[in-house]
Each structure stands twice: as structure tokens, then as C-alpha cells.
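Asker: Test case, fold it:
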Amino acid sequence: MNYLMLWRLSRILIVVASFMILLAADVEPSGKKGNKGVGMVFFSSRDCPKCETIKDLIGILKVRYPLRVRQFDISKEADYAVFKTVESIHGSGNFAVPLVMIGESILIGELEIAGKLEKTVRGLDAAGGSRSPYIGHVDPKFKARSADKTNEPCESCSRDGKPPQVGDELRRVRGFLDKLF
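Answerer: Below is the predicted model:
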């Protein structure tokens, strides 16, 4: 067997093993009242075979759990800009695809995602669900920043793309109320 056939066989085995584990697990789909589901962000690339394996795994998990998946394809310019924004907020320049953000966890790479995703989803679902992870301000008309401007401050929150702090928001509300009255 050549290397390419072994590589393809390993990908198929990972998907099949993940599917069998999910079927064998004694986990019922959540129907709990008040469960808002589990929010997840998934970054992939259309030319990434490892991303395809993770897409299959996420598809299996969506059948078993109330997942809300927001997917970005970094092959697209706007989605790549979101990826770089998330990297500047949450990381230190070592992000790669496939990447899954779920709860307080950031899982990078096929092996880490395949090994931890189902357990993380199960825990968050049992706890009543979770919000989608923070990915920064994403305007629908957002245009990607050029590569040399990635460290510019965010126009909406002026904190280098990080979420605004409570004090900042209170000052904005106070200013708004002062204008009204």
C-alpha cells in the first residue's frame, strides 16, 4: 500500500470509529426543557481533507445533540478575515484548520477535535447548553482587512478586536441617556 491509500484508510477508520462510539454510547438526544442547545464555531477550508473528516463527525453529533454550528470556510476572503480576528482575540498566532470553538474550549487539528469534541458536547448539553463562542464583531458587509493592517484596533470597540468591558458599555449607555435627557 502506498502512503496515500494508508492516509485515506485512516480517515475512513476515524469516521467509522467515531460513528460506532456514538452509536454505542448510552447518550440520549437532549430533550430537556430549557436546553438552548450547544453553540459551536467551526473553521475549515475547502481543500483540507482533515476538515472533511471533522465535518462528518459534526454531522454525526448534530443527530445526537442540539448543536448550533456556525461554519466558516477560510478559503473565502471574508471568512478568513473572521478567522484572523478570532486568532487575534483568542490565540497567539498558532491557529490552523480544522478548528472548533465550543464552550470555553478551542480545539485545533483533527486528532484533538476527534478526541475531545463529543465529550465536550455531551458535557455542555447535560449542563443545559451553551452560547456560541465569541468571535468578535462581524458585520454582514464586512470587508477583509489587508494583511498589513491585522493589528489595527476594531472600529466598533476600539480594543484591538477584543470584546468591550462592562465599564466601557456603561459609559456608552450613560452617554446615550445623557443625550436623551
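Asker: tell me the domain ranges of this structure?
Answerer: What automatic domain parsing lists as the domains of the chain is 3-150, 154-181.
Asker: Including mean pLDDT and mean neighbour count, could the ones you listed go into CSV?
Answerer: From N, CA and C alone the C-beta is placed, and that goes for glycine too. Output for the domains of the chain, formatted as CSV (pLDDT from 0 to 100; neighbours: other Cβ atoms under 10 Å):
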stretch, mean pLDDT, mean neighbour count
domain 3-150, 80, 16
domain 154-181, 63, 11
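Asker: Now do the host helix or strand of residue 119: which elements does it pack against?
Answerer: Using DSSP states H and E, residue 119 sits in helix 110-126. On a contact count with 3 or more Cβ pairs under 8 Å, 6 or more residues apart in numbering; DSSP states H and E, helix 110-126 meets helix 3-24, strand 38-44, helix 49-64, strand 99-102, strand 105-108.
Asker: same thing but at 6 Å, please
Answerer: Here helix 110-126 touches strand 38-44, helix 49-64, strand 105-108, going by 3 or more Cβ pairs under 6 Å, 6 or more residues apart in numbering; DSSP states H and E.
Asker: Quick one: the ones you listed as TSV, columns for distance to residue 177 too.
Answerer: As requested, the helices and strands packed on helix 110-126 are exported to TSV (distance: least, Cβ to Cβ, whole Å):
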stretch	distance to residue 177
strand 38-44	32
helix 49-64	43
strand 105-108	37
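Asker: one step back: just the angle between the helix holding residue 119 and helix 49-64, please?
Answerer: Here helix 110-126 points in a direction 20 degrees away from that of helix 49-64 (axes from the mean of the first three to the mean of the last three Cα atoms, to 10 degrees).
Asker: Following the chain onward from helix 110-126, which element is next?
Answerer: Using DSSP H and E, the helix or strand that follows helix 110-126 in sequence is helix 166-180.
Asker: What is that next one packed up against?
Answerer: Of the remaining helices and strands, none touches helix 166-180 by 3+ Cβ pairs under 6 Å, 6+ apart.
Asker: Could I have the CA atoms of that helix written out in CSV?
Answerer: Presented in CSV, the C-alpha positions along helix 166-180 are these (Å, rounded to 0.1, in the frame of the first residue of the first chain):
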residue,chain,number,x,y,z
VAL,A,166,-18.6,46.3,31.3
GLY,A,167,-17.2,49.8,32.2
ASP,A,168,-17.0,50.7,28.5
GLU,A,169,-20.5,49.6,27.9
LEU,A,170,-21.8,51.5,30.9
ARG,A,171,-20.1,54.7,29.7
ARG,A,172,-21.8,54.3,26.3
VAL,A,173,-25.2,53.8,27.9
ARG,A,174,-24.7,56.8,30.2
GLY,A,175,-23.7,58.9,27.2
PHE,A,176,-26.7,57.8,25.3
LEU,A,177,-29.0,58.6,28.3
ASP,A,178,-27.4,62.0,28.7
LYS,A,179,-28.2,62.8,25.1
LEU,A,180,-31.8,61.7,25.5
